[in-house]
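Structure for the following, please:
(3 chains)
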Amino acid sequence: MKKNKTAMFGLIIMGLFFCLAVLAPVIAPYSPDEISSAGANQPSLQHLFGTDDLGRDVLSRSLYGAQISLTVGVVAVVIALLLGTLAGAVAGYYGGWVDGLIMRMVDVMFAFPSIFLILAIQSMLTPNIYNVMVVIGLTSWMGVARLVRGEFLRIRQLQYVEAARAIGCSDLRIIFRHMLPNAQGPIIVAATLGMAGAILTESALSFLGMGVQPPMSSWGNMLMDSQAYMRDAPWMAIIPGLLIMSTVLSLYFIGEGIRETLSPKERNAGS
Amino acid sequence: MLEVKNLSVNYYVDEGTVNAVAGVSFELKEGEILGVLGESGSGKSTLGFALLRLIDQPGKIVGGEIILNGRDLLLLPENEMRRIRGAAIAMVFQDPFASLNPVLTIGEQIIESIILHQGVKRGEAREKAAEALRAVKIDPARIDDYPHQFSGGMRQRVVIAMALACRPEILIADEPTTALDVTIQAEILSLLRELKAQFNLSIIYITHNFGIIKELCDRVVVMHKGAIVEAGEPGAIFDHPRDPYTKKLVDCLRELR
Amino acid sequence: MLSFLVMHLAPGDPTALFIEPNIDPVELARVRANWGLDQPIFIQYLVWLKNALLLDFGRSYTTGLPVIAEISERLPMTLLLMIPSFILTLLITIPVGVISAVKKNSWFDNLFTFFSFAGMAIPTFWLGLMLMLVFSVKLHWLPAVGNLALPLITMTIGSLAGLTRYQRGAMLEVLNQEYIRVARAKGLPERLVIFKHALRNALLPTITILGLSLPDLFGGAFVIETIFAWPGMGRLGVQAIFQRNYPTIMGIVMISALLIIVGNLLADIAYAMVDPRIRYEKK
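All right, here's what the predicted structure looks like:
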């Protein structure tokens, strides 16, 4: 099924990232806070990605940063999926005013620039990694909701839903045992895209200072620090960005691969 | 007037090569209605497309000749073939809801064909289009209406008008009534008979419905898995099918009666 | 569509969350009384809502100036960034998307598909940084701040990527439609088939998506303005957030939402103009 080369590629890279993130404490040559050098150094054999302005090893910080980005990505997406699937399923299954109400909420939330919304919320709280994850999740459920609702509307019309009702299944049972499993394809695609989005958003937040706080090293706040040193230590800015980009790109590839596998075959040769 | 010799079309898909049309040969005489009978997958629609060289990736015409009035269509350069399409040979497709471009008026869709093939000005083309609509029993005043404003049966009539606007010699009809209700079906069929007489058309009618073939067609070829397995007059074939596949088809029809 | 509008006038609801800055550690009781913050939340909200509808968002905590004045000062700068970016995006994504679809799997298509994926994956702010690095710091071709070029390029590339893929997808879908085959069967030259028949249909979903991309456009503006020190509404907003300057924040949120709604409305109108199915009542 996974004959899509780019998707495989994406999967491998993501797998790599995950491993690196999990193994960070083990393989990082230095501790992320450790000042192992005097000021910023270019990448060298000792410090593969160089050091930052405080003399910390960029590679190690990146590895720990991977942990953070991936964690935020996963948790935020899970929250968004839970909320969105619930909302979408209820809206799609019951229809009527419930549907209308939920969809209005979705529309309203869609109208706001999410970054700003998140920033605003964060400004009322003390930003840290936990509320970043939650807030991102809380602001990204809408897309999933629309998707799930669409799927449910489609599935609802199919025969086996009628059949299930006819034998007296409760609504809840129908939703969970019958409809959800069939909607899982698009949901998984949405999950990969959502995770990519969450990572991008977290990095933007941390970059602006409203996300993960130092000394925890998120790729985003590493970029924040790098701004003042663009002339003298450009690797500080280049590397975290590349890492973010590769992670997101891999997720996109995986998502696309899954989507292609799911979509109906090309028009058949006619009769 | 149309002679098809040993036509073959292949489709190249991941799973392998499909011989959609395998060495098909037949003749279409002037003024006759030829039926092409077959089930889904028999290659009948592909045959229709092949006659207009409308076969696209992953398909390809791989052999044979299509001789129209002495010329082999398969040897023509593309721009000449384009002149044949719509003007000498026209085609009507199965789904009237999908055959018309939703953002253009029906008039426009007929007119562009006329302007292209007959080189007349817009005003004259408009009149001809109105005539075409009249011929298919649609009020010509509706020439500036959009497809979504018409019912399925009427849309199919518009499509037929579009096809006949340039007075083609041959009309290929690919299951034109399959998507319509039975009553509308009858209307379209009788319309086709009228138009054939009026415009001296030759028609190739592709369908899986033997009943229609019996009613409408002078001759029929039966297709199965890309090849022609039997040919002759519908009545005769129905009474004395020779090929085992045809026998099965006929038996099914008998039972349903 | 009208109900859409009405519903959107209620974005006050989510912003009600912002009204009470509970976690704000700074404000003294005296100052709070000054600003009317000691009244019950409900009253505050109604008062605010009433004023907001009149575009009076109160005064900025930090400067004491009326919020609406500060926003109006900055808004044109933001629009100066956003509107050209939008137009540029339009001008590029439609042709590229169409050509990509028509020449599917050609080198053009593959190249631009690669670019659009890359463009979608790049964090906008990082792109801005990199562009600054290359063009300002290393090459000294363009100034890092004050000049329109870099922020504009950053913003445009950001929106381009996703939209181009979408346009390509829409075009591909249209090209698969039966009426395109019918057009070819009529002997129409390919150019006519693509431009007259396919393109007009492919533009429809694009219009919708353009409308939907507005919130992201605004979001991008916030970040880009901050990086390039562009004196627009976005930068004001980000600063306001750091300063916990709630009236300003609220004002900006509302104005952005308003502009986005207007934008979507325009998109709906444009769609209706192009799609006859919406224009004419069904018989």
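
Could you give me the buried positions within stretch B:103-121?
Buried residues in stretch B:103-121, counted by 16 or more other Cβ atoms under 10 Å in any protein chain shown: B:103-117. Every C-beta, even on glycine, is put in place using the N, C-alpha and C of the backbone.

Quick check: helices, which of the residues you listed are part of them?
Among these, the members falling in helices (DSSP state H) are B:Ile106, B:Gly107, B:Glu108, B:Gln109, B:Ile110, B:Ile111, B:Glu112, B:Ser113, B:Ile114, B:Ile115, B:Leu116, B:His117.

out of those residues, which touch chain C?
The residues of those that also fall near chain C, by Cβ under 8 Å from any Cβ of the partner chain, are B:Glu112, B:Ser113, B:Leu116, B:His117.

possible to save these as a markdown table with pLDDT?
Listed next are those as a markdown table, based on pLDDT from 0 to 100:
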| residue | pLDDT |
| --- | --- |
| B:Glu112 | 90 |
| B:Ser113 | 89 |
| B:Leu116 | 89 |
| B:His117 | 89 |
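
Can you lay out those residues as TSV showing distance to C:Ile194?
TSV is the format used below for those (distance: Cβ to Cβ, whole Å):
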residue	distance to C:Ile194
B:Glu112	14
B:Ser113	17
B:Leu116	15
B:His117	19
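
Among these, which one lies nearest to C:Thr124?
C:Thr124 lies nearest to B:Glu112 out of those, by Cβ to Cβ, at 44.2 Å.

Could you find the closest non-adjacent residue to the closest one?
Once flanking residues are discounted, B:Glu112 sits nearest to C:Leu188: 6.9 Å by Cβ to Cβ, 6 or more residues apart in numbering or on different chains.

count of residues packed around the one you found?
The tally of other residues near C:Leu188 (other Cβ atoms under 10 Å in any protein chain shown) stands at 22.

Tell me the secondary structure of it, please.
What DSSP: H, G, I helix; E, B strand; the rest coil gives for C:Leu188 is coil.

follow-up on the earlier one: which one of the ones in helices among the buried residues of stretch B:103-121 is nearest C:Gly128?
Closest approach between those and C:Gly128, by Cβ to Cβ: B:Glu108, at 46.9 Å.

For the nearest residue to B:Ile89 once chain neighbours are set aside, give me its contacts.
Excluding its sequence neighbours, the residue lying closest to B:Ile89 (Cβ to Cβ, 6+ apart) is B:Ile170, at 4.5 Å. Each residue near B:Ile170 by Cβ atoms under 8 Å, 6 or more residues apart in numbering or on different chains is listed here: B:Met1, B:Leu2, B:Leu28, B:Leu68, B:Ala88, B:Ile89, B:Ala90, B:Leu201, B:Ser202, B:Ile203, B:Ile204.

mind listing which of these are in helices?
Those of the contacts of B:Ile170 lying in helices (DSSP H): none at all.

top of those by neighbour count?
Within the contacts of B:Ile170, neighbour counts (other Cβ under 10 Å) peak at B:Ala90, which reaches 28 neighbours.

So in terms of bridging, what pairs with that one?
In this entry, B:Ala90 is beta-bridged to B:Leu171, by DSSP bridges.
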